[in-house]
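> Pasting a predicted model and its sequence here:
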Amino acid sequence: GESVESRLLGLVESCGEHAIYVYTHRRMAITAEDVWLEKVIPITEGGGSPDGTALLLPTSLGSDVTVQISSEDDQLTVRLPFGSHTRTFLQEVARCCPGTSSADVPAGRWWCRQLGSPLPLRVALWKSSVGLRRSSGGCEGRRRARLEGRAPHLGRNNLPPPRTGTGWGLPCWKRLCGEGAPVRLRGRLRGRDGTGRGGRRHRTAAAAAMSAGGRPRRGERGDPRNGDGDSGAGGGEPRCPPRRQNKLKPEVTTEMVRSSSVMASNTASILSEPKFGLRDTIVKSQLVQMEDSYTHIQSFRFFVGTYNVNGQPPRESLQPWLRCDAEPPDVYCVGFQELDLSKEAFFFNDTPKEEEWFKAVTDSLHPDAKYAKVKLVRLVGIMLLLYVRADLALNISEVETETVGTGIMGRMGNKGGVAIRFKFHNTSVCVVNSHLAAHTEEYERRNQDFKDICSRMQFCQSDPNLPPLTISEHDVILWLGDLNYRLEELDVAKVKQLVDERAFLELCQYDQLKRQINANAAFEGFTEGEISFQPTYKYDAGCDDWDTSEKCRVPAWCDRILWKGQNVSQLGYRSHMALKISDHKPVSSVFDIGVKVVDEDLYRKAFEEIVRSLDKLENANIPSVTLSQREFHFEDVKYMQLQVEKFTIHNGPVPCHFEFISKPDEQTYCKEWLIANPSKGFLLSDAKITIELEVFVNKSTATHLNSGEEKLEDILVLHLNKGKDYFLSVTGNYLPSCFGSPIHTLCYMREPIQDMSAESIRKLTLMPLEMSDGVVQGEKPMDIPKELWMMVDHLYRNASQQEDLFQQPGLRSEFEQIRDCLDKGMHDTLFGSNHSVAEALLLFLESLPEPVICHRFYSSCLESTDNYLLSSQIISNLPGCHKNVFQYLMAFLRELLKNSGKNHLDVNILASIFGGLLLRPPPGHPAPDITEKRKAQQFIHQFLLREDNLA
């Protein structure tokens, strides 16, 4: 049968010749070790000959561009993801063909070629037994292949042996394409639809929010700017680097969307083309300003639906939900929550249910129109699908996806949001599907989740000189999902009575979401239609009866659809009682949305007018700007507490690009604790822009700031293209914290860290771990850090029976109170909810520069996961303070397991959460793959089931 797998493609150049590299990779590739070369497909000379290869555009519309490479006994079908990266990749392939001049494929016009009109492209496939011999007359033993326009499987037996020197070996190759081109990891293309499952990655920590300058933004749980590091379940993608993809899956039988045409008259497409000189940027910017002069509004119908499926498979048809209207919509936006509630999905973001629900949706779309899938994005159980009528597919462009996890530590993706943004004609649309924090009393946490999603969700632009787009920077925003806002101040009986009376208007007065919107605490500027259907939660599965469980939940409108933007008219807002597999009911809304459609003649007229005016500016003066401020001081910076200072750049008469650039011998434009947002951009004549300087200290910078090795001091260099440089001074003072301090250092600190002198902190922080078991300055160390004891003791006394402990996030404001209490010793007890204290404990363990199980034992621990005796010996060899902390934590976790009937914890949950915190790889080690994560979990699992004394 047909074999379907995922591959990475790279277009590379060596010594003036070109080839496509095909890479095999692990299912969740993270580092270079996860990727290996499988096949080299050289692009050979003689592209116009009859036996050469030809690149044909697909003969059917599709969200994915599908091409087929075939030879006598081998065949490869590659499906490339819909969007600008694929378009750029294929343009560059065409450019490097010897038989195709640059005039044949100008930027922005390549896709205008008639379907079926081939671009001459020669490719060759070798069998590994033949080798990679080249000569001026061709390669002996070379098999000619034909690239026909559809799809694949490359057997690994076809892998050519690498050559060195000037041959096809990797050392000789360099990147061919410019910014955004699919060559290095940043621009790689996978043989799949680019759903980005498991991420943009939510964007997570260092990967999560690339700034406009392309530097990874630091962040963890609590960083309002972005997400945190690794999270198998939570993660998200780096800012503008490539999204994590998954293995290739068979498509269901449905019409497909081809990448949209790029015509000179189609601004939705031409503005996305990667020609980013100063002149092009000025043209684009002025076209945007003149948009009203060449566009008109045309209405299109959008169907928006949300359904929390409670981990159930699609056992019933979705037609009563998706086909409930007589007229077929032009666009479907379909969101799910709790697609999979298994621990496998939660910790490793892996689920077979994605394909099940995708097929169920596709099979239930309106029968009176043909639809194409534009994009699918998933984060654990939160999934969003976007379909468009096939005849409108060419008007879709600039499609991007993003994910943000807001679960525990700001990383786990059991809660959070996923989004798809795109341009429809000339209107930008962003669709967000979110699952916010649960429980009636947690409305502030829901507000925080909403704000985190808005601040951390950023989409790359095709122009690398422009900063990423936020949700709010779209013409139309559609927000759907299980927002989890409840009805308050009413008991179950009263709510049910009002529902029976269909007194929904009265009931809405007690709705938390309505109250939070009215208080401008969340969803500011969003609109929700009148609710005329009964609450959608909570029902007994399989029927329409309200919750009869012991908890007897108060009914609530958890599932909502809101919108923001102009020219949006809601035609219907309803629930669908016919679907019964879940404890929620699905909700849908139909909108007429006015979209800006380009008039080609008027657009051409505006374009020509702009070009004529630019011709007069070719010899303009050197650009210069005025800065509102050049010196900045950040007072009393605290661990994981953002501080922001703003200043304004006011441009002179000459349009210019600006960018913060790195100083000599430095890799980035600023220190790791600092970021400028945006870090680059473009200004028209006399334009202004506000720059935010953000200072944020996290686990990667706190230790050196605690010790005094690093200071909050930096100089920023603001560079104007073809202009001069401006220098900005940034200073501040950091308040030392137990977060980011070594265990052995804290064991010698009998006073709160902020009561100690800077010199004492420096000496203790820099003290080698090997000396930690002795007497220092007449003091013996404490068995464990007092700060750790305060948090664990608080949880032991107050949270042993707390439901969802270590799985539900706390509040950022409460974490700050807990941190201050630990650092200042202000109180004998900790303030904040049990969830906030639990999260603070996890953040404390994560911030340790040397983990509880020291780095040097990492490999031996992974090798002893099935040998408890050997594992115990490893723990007994830890430094005394580390061994004490490990034993103390294991004893505490075993106590929690004794109350599993109340707190719903089990050994696998705790082993997964603490495995990645207590047992971390040493610096320079590749990020753990799924296998290593499982082994870390298994190592901790052993000690949660045993109570042996390891002393």
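Noted; the coordinates are in hand.

> For the rest of this, base every contact and every neighbour count on C-alpha atoms.
Will do.

> Stretch 434-448 spans what distance, first to last residue?
End-to-end distance for stretch 434-448: 13 Å, by CA to CA, to the nearest Å.

> how far away is Val695 from Leu466?
22 Å.

> Neighbour count: the two, which is higher?
Val695 (24 against 19; other CA atoms under 10 Å).

> beta partners of that one?
Gln643, Leu674 (DSSP bridges).

> That one contacts Ile675, correct?
Yes: using CA atoms under 8 Å, Val695 is in contact with Ile675, at 6.7 Å.

> what helix or strand is the closest residue to Arg630 other than its chain neighbours on?
Spatial nearest neighbour of Arg630, excluding adjacent residues (CA to CA, 6 or more residues apart in numbering): Leu728 at 4.7 Å. In this assignment (DSSP states H and E), Leu728 forms part of strand 725-734.

> residues making contact with that strand?
With contact meaning CA atoms under 8 Å, 6 or more residues apart in numbering, strand 725-734 is reached by 630-638, 705-706, 711-719.

> I'd assumed Ile649 was in contact with Ile691.
Yes: using CA under 8 Å, Ile691 is in contact with Ile649, at 7.4 Å.

> hang on, Gln298 in a strand?
Yes: Gln298 forms part of a strand when assessed by DSSP: H, G, I helix; E, B strand; the rest coil.

> Assumed Ser549 was part of a helix.
No: residue state for Ser549 (three-state DSSP) corresponds to coil; a helix is not indicated.

> Relative to Leu341, how far out is it?
Taking CA to CA, one finds Ser549 at 19 Å from Leu341.

> Over to Arg604?
Arg604 is 53 Å from Leu341, by CA to CA.

> Of the contacts of strand 725-734, which count as buried by neighbour count?
632, 634, 637-638, 705-706, 712-719 (16 or more other CA atoms under 10 Å).

> So which of these sit within strands?
632, 634, 637, 713-719 (DSSP state E).

> can I get the residues you listed in a markdown table with distance to Glu355 and pLDDT?
Formatted as a markdown table, those follow (distance: CA to CA, whole Å; pLDDT from 0 to 100):
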| residue | distance to Glu355 | pLDDT |
| --- | --- | --- |
| Phe632 | 52 | 97 |
| Phe634 | 50 | 98 |
| Val637 | 47 | 97 |
| Glu713 | 51 | 96 |
| Asp714 | 50 | 96 |
| Ile715 | 51 | 95 |
| Leu716 | 48 | 96 |
| Val717 | 49 | 96 |
| Leu718 | 48 | 97 |
| His719 | 48 | 95 |
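
> Which strands or helices does the longest helix that the chain contains pack on?
Determined from DSSP state H, the single longest helix within the chain is helix 880-897. Under the contact criterion of 3 or more CA pairs under 8 Å, 6 or more residues apart in numbering; DSSP states H and E, helix 880-897 touches helix 743-747, helix 786-798, helix 930-944.

> Any chance of JSON lines for those, columns mean neighbour count?
Output for the helices and strands packed on helix 880-897, formatted as JSON lines (neighbours: other CA atoms under 10 Å):
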{"stretch": "helix 743-747", "mean neighbour count": "24"}
{"stretch": "helix 786-798", "mean neighbour count": "17"}
{"stretch": "helix 930-944", "mean neighbour count": "21"}
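
> Spit out the contact partners of Val432.
Contacts of Val432 (CA under 8 Å, 6+ apart): 417-420, 477-480.

> Starting from the helix or strand where Val418 lies, tell me which strands it pairs with and how they run.
Val418 belongs to strand 416-424 when assigned by DSSP H and E. Here strand 416-424 is paired, per DSSP bridges, with strand 396-405 (antiparallel), strand 427-435 (antiparallel).

> distance between the longest one and the chain's centre?
How far strand 396-405 lies from its chain's middle: 9 Å, per CA atoms, centre = their mean, to the nearest Å.

> Same question for the shortest one.
The gap between the average C-alpha position of strand 427-435 and the chain average comes to 14 Å, counting by CA atoms, centre = their mean.

> for that strand, which positions count as buried?
Under the neighbour-count criterion of 16+ other CA under 10 Å, strand 427-435 has 427-435 buried.

> Quick one: mean pLDDT over the helix or strand just after that strand.
Using DSSP H and E, the next helix or strand after strand 427-435 towards the C-terminus is helix 443-456. Across helix 443-456, pLDDT averages out at 94.

> So which bits of helix 443-456 are buried?
Neighbour-count burial for helix 443-456 [16+ other CA under 10 Å]: 443, 445-456.

> what do you get for stretch 674-689?
Those would be 674-684, 688, for stretch 674-689 by 16+ other CA under 10 Å.

> between these, which is closest to Ile610?
Leu684 (12.9 Å; CA to CA).

> quick one: Glu356 is in a strand?
No: Glu356 sits outside any strand when classified using three-state DSSP, being helix.
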